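Participant: predicted model and sequence follow; I will ask about them next.
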Amino acid sequence: MEEIQSHSDHYRSSSSSASSPASRLPSSNFFYLRKPGTFRKPISYEDSPDWEDNDVEVRMEEGGDSIHVAPTTDSPSLSKITSASLPSPPLPTGAVVARKIAGASVVWKDLTVTIKGKRKYSDKVIKSSNGYALPGTMTVIMGPAKSGKSTLLRALSGKLPDSARMYGEVFINGSRSHLPYGSYGYVERETTLIGSLTVREFLYYSALLQLPGFFFQKKSVVEDAILAMSLGDYANKLIGGHCYMKGLSSGERRRVSIARELVMRPHALFIDEPLYHLDSVSALLMMVTLKKLASTGCTLIFTIYQSSTEVFGLFDRICLLSNGNTLFFGETLACLQHFSNAGFPCPIMQSPSDHFLRAINTDFDRIIAMCKNWQDDHADLSSVNMDTAVAIRTLETTYKSSADAAAVETMIVKLAEKEGPTIKSRGKASNATRIAVLTWRSLLIMSREWKYYWLRLVLYMLLSVCIGSAFSGLGHSLSSVVTRVAAVFVFISFSALLSIAAVPAQLKEIKIFACEESNHHSGTLVFLLGQLLSSIPFLFLISISSSLVFYFLVGLRDEFSLLMYFVLNFFTCLLLNEVIVLIVTCIGQNIFWSILTLICIHVSSAFFSWRHHLLRKLFVFRVDISCTGVTGYVDAFCWLF
């Protein structure tokens, strides 16, 4: 304790310009001085348990009710901070907000998550964490890298991997259960969007995959999601993201990924790093949009690494983690008071989140070591002369013995005992509907992007011209039949090899499928059937265009029935190769290993089919002279597969 006290005194002396949060409240131009009357009163579990969905438009006007933060504690540090002194950024007068949603209270008690090591579950990522999230509020999980933020978020949403085990209790509306399908949304840190679709099209297809019912009934929920995430100006704009298709900015793309989960009108929304790769302006716009969404009643829980002062003021509650330990849970401004009570007041003109991370991020120890070996004559390095481990122990000890921790435990008991209505699943779209939606969506994507099949069509035409020209003018002797069979063999073999060009496009589709499958919007069989069915029109177009060029250049018999026979056999070969490419790509999910595997398969197939041809040509091709060897080759090719 003497060591902790000495370091605390040293930190106070190095931050002589700092003062307590009560005396350092910034002027009214900062966002966390919430202006009364900018938002309606949020739906709160203990104040207004309006659990039914209300399909009425909510209109927010200036001069309305002020923000009400539910009283969660009797802590002296919280009594100094009133809702009247916490305004949020104002919305335009008469702005229409998305439909009102009944949120869900999420409570976690003594939550511990362990990750399986080499022998047993020994690595604790989350250690006895306690907290809660109420409807109509934004609860942020903050901490440095590898502090357990994403793991805690996954544990609360029930999306932990198989290698993790969870101990403790999670209460949803007072009952020990997880949120069922359709009642919550989870947004990954990095999500894959479809650049060739517009925002409205992308959300509409997502709604068709997620929601049961008829197609026309889902347009209203799509418009609500667009309105909730302030995407009205970009609804008919292509998402883009390619070098040849600029599309939306990173902040707008991030809002589209959140809107995809809003089509279900979830009770709770979990977002992993909503400000990931966003600049300060886009980050502020994102948080104002989420604040507006929370005001409709939705429970928002998200992780964040760092934020500006304006963004920090929009949070309702903060859960501060370091190495899996909870250093604080409570109101955002009360966290400033907690740091001040522990002996680490936030200096003037410094962002609170920067100050928190500076105090608990162990990576700063390496910077301190560098500063001891290298003195900068133009900068004062005394402010970084603090042991991070001591600061973490001080903050953890102070929080466990504070009134804030006791108030949190009291609130958890209260919410766990107050049982609300059971949240039920809203149903899923049928597998037949999902297959039809994925097929139609893939057809639209393939028709708009040249790298899927249009480029392959050009390559197949060039291949047909090259091989057909090399084997043209063979005459009609008996030896020319065998030569034409070799031409067909070369044509089919190189055509099968060109199917490898589909690997990059298939990998992109698999990334989209993985994102949708993680939230149970799709399934493996549904995805495979949708991709295969959508490729049939393009493969038939490739087969008939390439066959017409090759067939007449080589000089095969000029009969329509034989021509269609050749086209159908070539189409069957292309379809079979498409299935092989799709399966190998799904298993490998790596462009290098997928291409290498496909090359090995095609080389092996060419070797064995040519050996089969040599063994059977005296018996098969001799009776197929009337069809100029086509039937004999197809027999050998079908034997291989």
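Facilitator: Great, that's in hand. Since this is a predicted model, take the numbers as computed values, not measurements.

Participant: buried residues in stretch 594-607, which are they?
Facilitator: In terms of neighbour count (16 or more other C-beta atoms under 10 Å), stretch 594-607 has its buried residues at 594-595, 597-598, 601-602, 605-606. C-beta here means a position set from N, CA and C on the backbone, and glycine is covered the same way.

Participant: just checking, what packs against the helix or strand where residue 340 lies?
Facilitator: Per DSSP states H and E: residue 340 is located in helix 332-341. With contacts taken as 3 or more C-beta pairs under 8 Å, 6 or more residues apart in numbering; DSSP states H and E, helix 332-341 sits against helix 76-79, strand 317-322, strand 325-331, helix 352-360, helix 388-400.

Participant: export it as PDB, just CAs?
Facilitator: The C-alpha atoms that make up helix 332-341 are tabulated as PDB, following Å, rounded to 0.1, in the frame of the first residue of the first chain:
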ATOM      1  CA  THR A 332     -19.400   7.800 -17.600                       C
ATOM      2  CA  LEU A 333     -18.700  11.000 -15.600                       C
ATOM      3  CA  ALA A 334     -18.600   9.000 -12.400                       C
ATOM      4  CA  CYS A 335     -15.600   7.200 -13.900                       C
ATOM      5  CA  LEU A 336     -13.800  10.500 -13.900                       C
ATOM      6  CA  GLN A 337     -14.600  10.900 -10.200                       C
ATOM      7  CA  HIS A 338     -13.400   7.300  -9.600                       C
ATOM      8  CA  PHE A 339     -10.000   8.000 -11.200                       C
ATOM      9  CA  SER A 340      -9.700  11.200  -9.200                       C
ATOM     10  CA  ASN A 341     -10.600   9.400  -5.900                       C
END
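
Participant: who's in contact with the residue nearest to residue 202 when sequence neighbours are not counted?
Facilitator: Closest residue in space to residue 202, ignoring its immediate chain neighbours: residue 194 at 5.7 Å, by C-beta to C-beta, 6 or more residues apart in numbering. Applying C-beta atoms under 8 Å, 6 or more residues apart in numbering, we find residue 194 in contact with 202, 239, 441, 445, 512.

Participant: flag whichever of those residues scores worst on pLDDT.
Facilitator: Least confident entry in these, by pLDDT: residue 512, with 88.

Participant: okay if I get the helices and strands packed on helix 332-341 as CSV plus mean neighbour count, mean pLDDT and distance to residue 586?
Facilitator: As requested, the helices and strands packed on helix 332-341 are exported to CSV (neighbours: other C-beta atoms under 10 Å; pLDDT from 0 to 100; distance: least, C-beta to C-beta, whole Å):
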stretch, mean neighbour count, mean pLDDT, distance to residue 586
helix 76-79, 17, 34, 53
strand 317-322, 26, 92, 36
strand 325-331, 26, 91, 40
helix 352-360, 22, 83, 40
helix 388-400, 19, 85, 44
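
Participant: to residue 153, which of those lies closest?
Facilitator: Closest approach to residue 153 among the helices and strands packed on helix 332-341 is made by strand 317-322 (10.0 Å; C-beta to C-beta).

Participant: between that closest one and strand 325-331, how many degrees?
Facilitator: Between the axes of strand 317-322 and strand 325-331, defined by axes from the mean of the first three to the mean of the last three C-alpha atoms, to 10 degrees, the angle is 170 degrees.

Participant: which elements pack onto strand 317-322?
Facilitator: With contacts defined as 3+ C-beta pairs under 8 Å, 6+ apart, the packing partners of strand 317-322 are strand 121-133, strand 138-142, helix 149-157, strand 325-331, helix 332-341, helix 352-360.

Participant: ok and the last one relative to strand 138-142, angle-wise?
Facilitator: Per the same axes, to 10 degrees, the angle that helix 352-360 makes with strand 138-142 is 30 degrees.

Participant: buried set for the longest helix along the chain?
Facilitator: Across the chain, the longest stretch assigned as helix under DSSP state H is helix 524-554. Buried residues in helix 524-554, counting neighbours by 16+ other C-beta under 10 Å, are found at 526-535, 538-540, 542-543, 546-547, 549-551, 553-554.

Participant: cool, and stretch 149-161?
Facilitator: For stretch 149-161, the neighbour count (16+ other C-beta under 10 Å) marks 149-160 as buried.

Participant: taking those together, which two end up most distant?
Facilitator: 149 and 158 (16.7 Å).

Participant: just checking, residue 133 touches residue 298?
Facilitator: No - between residue 133 and residue 298 there is no contact under C-beta atoms under 8 Å: 10.6 Å.

Participant: okay, and the common contacts of these two?
Facilitator: Between them, residue 133 and residue 298 share these contacting residues under C-beta under 8 Å, 6+ apart: residue 268.

Participant: quick one, which of those two is more surrounded?
Facilitator: Between residue 133 and residue 298, counted using other C-beta atoms under 10 Å, the more crowded position is residue 298 (29 against 26).
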